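Trainee: I would like to see how this sequence folds:
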Amino acid sequence: MAVPAAFFVLFFGYPVAAIVGRGLRQGGHWNLDIVGRVLSDPDILQVLWFTVWQAAASTALTLALALPGAYVFARLRFPGKGLLRAVVTVPFVLPTVVAGSAFLALGGRGGALDEWFGLRLDTSVWAVLLAHVFFNYAVVVRTVGGFWAQLDPRQEEAARVLGAGRLAAWRRVTLPALAPSLGAAALIVFLFTFTSFGVIQVLGGPRFATLEVEIYRQTATLLELPTAAVLTLTQFAAVAALLAVHAWSVRKRESALSLVPAERTARRPEGPAQWAVLWSVLAVIALLIVLPLAVLVERAFNGPDGYGLAFFRALGSQSESGTFVVAPAAAIGNSLAYAAAATLIALVVGGLAAAALTRRAGRLVRGFDALLMLPLGTSAVTVGFGFLIALDEPPLDLRSSWFLVPLAQALVGVPFVIRTLLPVLRSVDVRLREAAAVLGASPLRAWREVELPLVGRALLVSAGFAFAVSLGEFGATVFIARPDAPTLPVAVARMLGRAGEMNYGQAMALSTILMLVCAGVLLALERVRTHSPGEF
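Mentor: As a prediction, the model looks like this:
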């Protein structure tokens, strides 16, 4: 536990505490009066209300649209299932700013819906809600569907034999068993939408601002650190409460039922009802996930002189508008190098943390687990700005170092490594380790020759997820990426913020490249995917 704890204290706790302390300390004294003043401001209260409201609405809409998809992936067997699973996961690992740009290309001014039907979504909150469903659909499919696939179907079949209808059997037998998993998925979706930044930044406009966007505005635009510090603490408290409830639901889910291997429960669709559910899910995926991505790709190739590679070629030359001091194409190499370094850090830190959590129990370890999950819900804007403030003095003078970006990205990747490795490590029979020790193997050799072959596939999956989410990290990177070494998400955001057809087209081209890289990683993961019931 020592290395993960030190990593999070130095690169998460210290920067966040530094920026909050700078905001709340005035003249060497703590000024807590600012808390009441900020939280009673009508404008801030409106932001808080909209943050909670849009998160609740996004969560309800995501569950309603994704729950049939969870059933299809859990219970039905059909051609192309692995490919489709990768497709629905692509939006989740894309940067939120790219998800926003995909819906901007679909429903914004001059977008596909505007051209085809004269319909614009970017003038209403529906663009935000649908983009959140687009982004979080995979959370429900993989969290609920992964658990559903391992529920013994004979229990529901027994209820049918005893006279219950299909709906009654599902409501009274399957739904109670799924409740902890549904609760966990709902909490994860609410957490991600509560802290939404990139989607709101691109689609929200001046009328719709979440807590995360307001923290960014107060920090980067107005330089009001006291207000930003209060909002950060408010968000931190809400996230900590959500993670505590999530940890409780996970423990309940782990002990709820005995599970069966997923490959035993999937069957070919039978009867008109199952075929109707399958086709309706395919239609939702096509309209909600594939269509925005397809429109994004179409905009990338639709150049000033018709379809071609004009926008992609322009990435190789420096922008005349001064958007970058290097050619935008340099962001591709930067992102790949940063993500590779962040993945290595996340594997070391997350692997050690997962091993510690596997071998220990009790409140201290559960608290340690919750600590490792906090970066997923804490303001990435606060972390990024905290890096600039805190890590500028020896021995941690990293502000001018390229290594600062992988450190920030690794904070987001570590939770995915832990959540992927934990179920597999817990499934390893402890007697194998004990037998190796009795035969004279050292702990390191026992791990290398007994456990590593058993968890190798899970290690590859966790590395893939860490790499994909590191590629897409935006909230912290937008502060710390140097002008001469931008990442792909930062480059996309800067181009979308500049007027002109060429800037917009290059943003779509970079988004397309990023999407293809993430899709390739996910397709590779599907080939080595483990069947253990993870949390994602």
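
Trainee: Count the neighbours of Leu222 for me.
Mentor: 11 (other CB atoms under 10 Å). Every residue, glycine included, has its C-beta placed from N, CA and C.

Trainee: Need the pLDDT of it.
Mentor: According to the prediction, Leu222 has pLDDT 78.

Trainee: Next, give phi and psi for it.
Mentor: Leu222 has phi and psi values of phi -90, psi -10 when expressed as degrees, to the nearest 10.

Trainee: Leu396 now?
Mentor: Backbone torsions of Leu396, given as degrees, to the nearest 10, read phi -110, psi 50.

Trainee: where does the residue lying closest to it once chain neighbours are set aside land in three-state SS?
Mentor: If you skip the residues right next to it in sequence, Leu396 has Leu10 as its closest partner in space, 7.1 Å away by CB to CB, 6 or more residues apart in numbering. Remark: Leu10 carries the secondary structure label helix [criterion: DSSP: H, G, I helix; E, B strand; the rest coil].

Trainee: From Ala519, how far off is Leu10?
Mentor: In this view, Leu10 and Ala519 are 34 Å apart by CB to CB, to the nearest Å.

Trainee: who's more crowded, the two?
Mentor: More neighbours sit around Ala519 than around the other of Leu10 and Ala519, counting by other CB under 10 Å; the figures are 19 against 14.

Trainee: shouldn't that one be in contact with Arg85?
Mentor: No. Under the criterion of CB atoms under 8 Å, Ala519 makes no contact with Arg85, lying 11.9 Å away.

Trainee: And the strands in the stretch 351-500 of the chain?
Mentor: Ranges of strands in the stretch 351-500 of the chain, per DSSP state E, counting those that start in this stretch, are 392-393, 396-397.

Trainee: mind checking which of those is nearest Val3?
Mentor: Proximity of the strands of the stretch 351-500 of the chain to Val3 was assessed by CB to CB; the nearest stretch is strand 396-397, lying at 16.4 Å.

Trainee: Listing partners with orientation, what would you give for the closest one?
Mentor: strand 392-393 (antiparallel) (DSSP bridges).

Trainee: before we move on, back to that, reformat the strands of the stretch 351-500 of the chain as TSV; add distance to Gly146, mean neighbour count and mean pLDDT.
Mentor: Written out in TSV, the entries for the strands of the stretch 351-500 of the chain read as follows (distance: least, CB to CB, whole Å; neighbours: other CB atoms under 10 Å; pLDDT from 0 to 100):
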stretch	distance to Gly146	mean neighbour count	mean pLDDT
strand 392-393	43	11	74
strand 396-397	39	12	74
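
Trainee: between the ones you listed, which gets nearest to Pro226?
Mentor: For these, distance to Pro226 was read as CB to CB. The smallest value, 20.6 Å, belongs to strand 392-393.

Trainee: ok, so what distance separates Leu278 from Arg268?
Mentor: 10 Å.

Trainee: For the stretch 1-150 of the chain, which segments count as helices?
Mentor: For the stretch 1-150 of the chain, applying DSSP state H, counting those that start in this stretch gives helices covering 2-8, 14-24, 33-39, 42-75, 81-93, 96-107, 112-117, 126-148.

Trainee: among the ones you listed, which is nearest Ala220?
Mentor: With CB to CB as the measure, helix 14-24 is the member of these nearest Ala220 (12.2 Å).
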